[in-house]
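In: Give me coordinates for this.
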Amino acid sequence: MQLPPPLLSALQALRSAGGRPRLVGGCVRDWLLGLEPKDFDIEVFGLDYERLQRALAPFGPTDLVGRSFGVLKVRLAGVEYDFSLPRRESKTGAGHRGFAVAPEPGLTEAEAAARRDFTLNAIAYDPLEQRVIDPHGGERDLRARVLRHTSTAFVEDPLRVLRAFQFAARFELTLAPETAALCRSIATTYHELPIERVWGEWDKWATKAVKPSRGLFALKESGWLKFFPEIAGLDGLPQEPEWHPEGDAFVHTAHCLDALVTLAAWRDGDAHARRMLSFAVLAHDFGKATTTHQAERRQRLRWVSPGHEAAGAPLTESFLQRIGAPHDLIEFVRPLVVNHLAHHHGQTHFRDTTVRRLARKIAPATMDDLIVVMTADHLGRPPLVSEEALRRIHELRDAATRLAIADRAPQPIVLGRHLIALGMKPGPNFSPALEAAFESQLDGAFYDEEGGILWMRNYLRAHPQFLK
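Out: Reported below is the predicted structural model:
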């Protein structure tokens with residue numbers, strides 16, 4: 001493992017002081033997966049806290065705020081690192097924070113690793129001797145892509161179930177059967193979790209997943225899907241086989257999410273874009289749970305879900321609020337859910353006014369965002385591919401690009417200053433006049449400022465009372 005030179009120097013100083021420094025946790029896991037480690041956490045055996053501090057003092061100021069937990073923070077070349085002593089945790093109360101943590105330098109490496117949640121996070125690495133220390137079989141599980149608890153202490157922290165959910169999605173893992181059973185055994189502790197911790201795990205799923213479906217299936221196997229009833233409502237919900245050969249609505253959603261993360265807009269997007277698109281695709285069919293029934297279509301009885309797009313809006317809001325999502329995220333996701341089938345409705349070809357009004361309707365999300373959701377939805381029906389649906393999605397995208405509204409909603413051309421210039425005084429008539437102008441702009445009555453002023457001049461001639 002390649003380490004920053006300042007960190008390597010500090011590790012060598014710790015060994016000279018009689019310590020045995022080990023890299024632990026996510027950095028070792030990521031390195032073994034072929035990923036670039038980002039955060040280096042160091043556990044030091046063989047030293048007490050005072051000797052640890054003395055050994056690191058020459059490298060810069062040391063932050064003693066974590067002393068009671070046996071943690072020392074040191075900034076090396078502008079980067080902060082956590083150096084910790086082996087510690088023992090004991091359960092003292094309910095919930096994620098109900099633990100007493102005490103440093104215990106005399107713990108063996110196997111004992112210290114046993115407090116970690118999963119075997120793949122319990123692997124240590126000796127950077128000076130360049131050897132892996134794996135007392136709980138984490139490397140074996142990592143190769144098999146199995147997520148397995150390290151010890152029965154797993155049940156003491158309910159957050160670990162949601163960590164399993166996002167780890168499964170981020171690293172393409174499946175839950176070991178015995179770990180799934182442990183998760184089910186502590187389902188009653190879900191409500192002990194602070195909402196901000198619930199959101200933290202969902203946010204990692206939304207922004208870092210490689211195979212989002214693995215997370216959903218881990219939730220199902222763990223018995224914790226029931227705490228997210230909007231998703232649970234899709235599980236086993238039938239779909240018409242001719243249109244959805246992949247299976248029920250839950251399976252369809254899983255396929256859509258896995259397709260989403262392969263699209264450039266998600267892969268190259270920032271955290272906000274990934275978050276918005278992931279939750280929009282997750283929620284796009286929530287409304288099917290309340291609208292699906294059998295009806296005659298094309299002379300045979302079929303499963304249909306009319307109006308599920310609009311029905312999904314309140315369910316999307318309730319889900320995002322319950323998991324602690326930021327309010328502004330809801331404002332982006334909701335219109336994408338409500339309009340994700342806009343390409344299936346209406347005329348054969350999209351009129352400019354239709355596209356403009358759609359772009360306005362989905363704001364603050366954009367037409368580019370909506371196209372991504374539509375594409376993921378379409379790709380979530382393997383092996384079915386509809387050339388007609390793809391054509392309509394591409395046509396919608398091309399129209400939005402041509403009208404310069406692909407990445408932003410239409411903006412009103414006629415503004416208050418134009419009304420004042422035409423002789424109107426600010427007052428209650430401003431709003432209806434500007435609204436009428438914007439509606440006509442969306443209909444294509446004018447395209448630039450000159451045309452907008454001409455339109456408004458004629459409008460005021462027809463409504464002279466506005467000038468009084």
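In: mind exporting the one helix or strand Arg417 maps to as CSV, just the C-alpha atoms?
Out: Using DSSP states H and E, Arg417 maps to helix 416-421. In CSV, the C-alpha atoms belonging to helix 416-421 read as follows (Å, rounded to 0.1, in the frame of the first residue of the first chain):
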residue,chain,number,x,y,z
GLY,A,416,-41.5,44.1,-14.2
ARG,A,417,-39.1,46.7,-15.6
HIS,A,418,-40.7,46.3,-19.0
LEU,A,419,-44.2,46.9,-17.6
ILE,A,420,-42.9,50.1,-15.9
ALA,A,421,-41.3,51.2,-19.2
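In: helix or strand right after it?
Out: Downstream of helix 416-421 (by DSSP H and E), the next one is helix 430-442.
In: circling back: can you point out the buried residues in the helix holding Arg417?
Out: 418-419 (16 or more other CB atoms under 10 Å). Backbone N, C-alpha and C define where each C-beta goes, glycine included.
In: and it, how far from the chain's centre?
Out: Counting by CA atoms, centre = their mean, to the nearest Å, helix 416-421 is centred 44 Å from the centre of its parent chain.
In: So for that helix, mean pLDDT?
Out: Helix 416-421 shows a mean pLDDT of 94.
In: Over to stretch 13-21?
Out: pLDDT averaged over stretch 13-21 gives 96.
In: So what touches that stretch?
Out: 11, 42-47, 51-52, 54-56, 58-59, 83, 126-128 (CB atoms under 8 Å, 6 or more residues apart in numbering).
In: Check the protein and tell me which residue is nearest its centre.
Out: The centroid of the chain falls nearest to Ala206 when counting by CA atoms, centre = their mean (1.5 Å).
In: ok, the closest residue to that one other than its chain neighbours to Leu23 distance?
Out: Leaving aside its chain neighbours, Ala206 sits nearest to Ser278 (3.9 Å; criterion: CB to CB, 6 or more residues apart in numbering). Ser278 sits 31 Å away from Leu23, going by CB to CB, to the nearest Å.
In: In strands, which of the contacts of stretch 13-21 appear?
Out: Within the contacts of stretch 13-21, residues falling in strands by DSSP state E are 42-45, 83, 126.
In: would you turn those into CSV with pLDDT?
Out: As requested, the ones in strands among the contacts of stretch 13-21 are arranged in CSV below (pLDDT from 0 to 100):
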residue, pLDDT
Ile42, 96
Glu43, 96
Val44, 96
Phe45, 95
Phe83, 94
Asp126, 97
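In: domain assignment for this protein?
Out: 5-140, 158-224, 228-402, 416-467 (automatic domain parsing).
In: taking the mean pLDDT, what do you get for the second one?
Out: Domain 158-224 shows an average pLDDT of 97 in the prediction.
In: hmm, back to that, farthest-apart pair in the ones in strands among the contacts of stretch 13-21, please.
Out: Greatest spacing in the ones in strands among the contacts of stretch 13-21, by CB to CB: Phe83 and Asp126 (15.1 Å).
In: More neighbours: which of those two?
Out: Phe83 (25 against 16; other CB atoms under 10 Å).
In: Surely the more buried one touches Phe59?
Out: No. If you go by CB atoms under 8 Å, Phe83 and Phe59 don't touch, sitting 10.3 Å apart.
In: Show me whatever sits in contact with both of the two.
Out: In contact with both Phe83 and Phe59: Val74, using CB under 8 Å, 6+ apart.
In: Is Asp41 bridged to anything, and to what?
Out: Val24, Asp82 (DSSP bridges).
In: That one contacts Arg22, doesn't it?
Out: No. Using CB under 8 Å, Asp41 is not in contact with Arg22, being 9.4 Å away.
In: re the thing from before, deepest-packed of the domains of the chain, please.
Out: domain 158-224 (a mean of 20; mean count of other CB atoms under 10 Å).
In: okay, the residue lying closest to Gly307 once chain neighbours are set aside: pLDDT?
Out: Closest residue to Gly307 apart from its sequence neighbours, by CB to CB, 6+ apart: Thr291 at 5.4 Å. On pLDDT, Thr291 comes in at 97.
In: which secondary structure elements does the host helix or strand of Ser318 contact?
Out: Element membership for Ser318 (DSSP H and E) is helix 308-322. In terms of contacts (3 or more CB pairs under 8 Å, 6 or more residues apart in numbering; DSSP states H and E), helix 308-322 is packed against helix 229-232, helix 271-283, helix 288-291, helix 327-338.
In: Next SSE downstream of the third one?
Out: As assigned by DSSP H and E, the chain's next helix or strand after helix 288-291 is strand 293-297.
In: Go ahead and measure how far that next one is from the middle of the chain.
Out: On the basis of CA atoms, centre = their mean, strand 293-297 sits 35 Å off its chain's mean C-alpha point.
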